[in-house]
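**Student:** Here you go, sequence then predicted model.
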Amino acid sequence: MTALRKYLPHQLIVPHQSNDVLGAIERKWQRGLAAAKAFSLEHGHLRVPQKYIGSSGYELGKWLGRCRINYAKKRLSRDRIDALNALGMVWDVRANDWFQGLALAQAYFRNHGHLFVPQKYVTPNGFKLGSWINRNRANFAKGLLDRDQIAKLDALNMSWHCLDEGWRRGLSAARLHHERHGHINAPLDYVDDAGFKLGHWLSNRRSDRLKGKLPPDRIAALDLMGMRWRKVAGGHRSGSTAYLVGIRSGM
């Protein structure tokens, strides 16, 4: 018990009450540690949401938050730090979340060949990767990412601007379609195997060009694949019939 005295404000320690105070603090610590051990044993980690409440009603998320505060203020003894570290304690939640997001972004890139993650995409383990990508774009624009973070995301061909991402994803889909079919005369309602609405994307590029909003380099990139700047014949009809009309007419 005496080891706890230096971590308590002196005004809280009254000679005839000190043992009771220290005992109560020790009991709270042991209860929290037991809950942390149970969570770690069940989940294999100690990344506990802040509002997490265990089946017994214990507010483990808040308890760990208080431990982090005491750790930052150097009010947590070495034995308690060691006890939490043994369970995989995360002291810097933001840094941990960033590296967890990076690992999942790398896995997504390996599986898909790009980092065009839908905004609402959630990984199988529940991580909101789409939101994580968007936060990094926002932090990049504000100058809040360090060079190492930027380099790690650049290695995954990160698109730092949403408009650039839409262009790059559409161009990639158009190139794949051209490789497979020899043209990009996709009807308006055409959706590729990956779920990308290529028909709509091409139609929007036609509209952009008509309004003078499509840069020359992008026009040239589509021209290389034989882009037809007029609407594809039958483009508003659904199914393969409209698609074939567009191909046979040369539109």
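**Tutor:** In hand now; what should we look at?
**Student:** all contacts plus neighbour counts: C-alpha atoms, from now on.
**Tutor:** Fine.
**Student:** any idea how far residue 127 lies from residue 42?
**Tutor:** Remark: distance between residue 127 and residue 42 (C-alpha to C-alpha, to the nearest Å) = 18 Å.
**Student:** ah, wrong one, I meant residue 75
**Tutor:** Computed with C-alpha to C-alpha, the distance linking residue 75 and residue 42 is 29 Å.
**Student:** if you count what's nearby, which of the two comes out ahead?
**Tutor:** Shown here are residue 75 and residue 42; by other C-alpha atoms under 10 Å, residue 75 has more neighbours (15 against 10).
**Student:** How about the secondary structure of the more buried one?
**Tutor:** Put simply, residue 75 is coil when judged by DSSP: H, G, I helix; E, B strand; the rest coil.
**Student:** can you pull the pLDDT of it?
**Tutor:** For residue 75, the pLDDT comes out at 92.
**Student:** Give me the mean pLDDT for the longest helix along the chain.
**Tutor:** Criterion DSSP state H: the longest helix present in the chain is helix 18-43. Taken as a whole, helix 18-43 carries a mean pLDDT of 85.
**Student:** which strands and helices sit next to it?
**Tutor:** In terms of contacts (3 or more C-alpha pairs under 8 Å, 6 or more residues apart in numbering; DSSP states H and E), helix 18-43 is packed against helix 60-72.
**Student:** Specify the angle between the helix or strand just after the helix it packs on and helix 60-72 in degrees.
**Tutor:** Next helix or strand after helix 60-72 toward the C-terminus (DSSP states H and E): helix 78-85. Angle, helix 78-85 to helix 60-72, by axes from the mean of the first three to the mean of the last three C-alpha atoms, to 10 degrees: 140 degrees.
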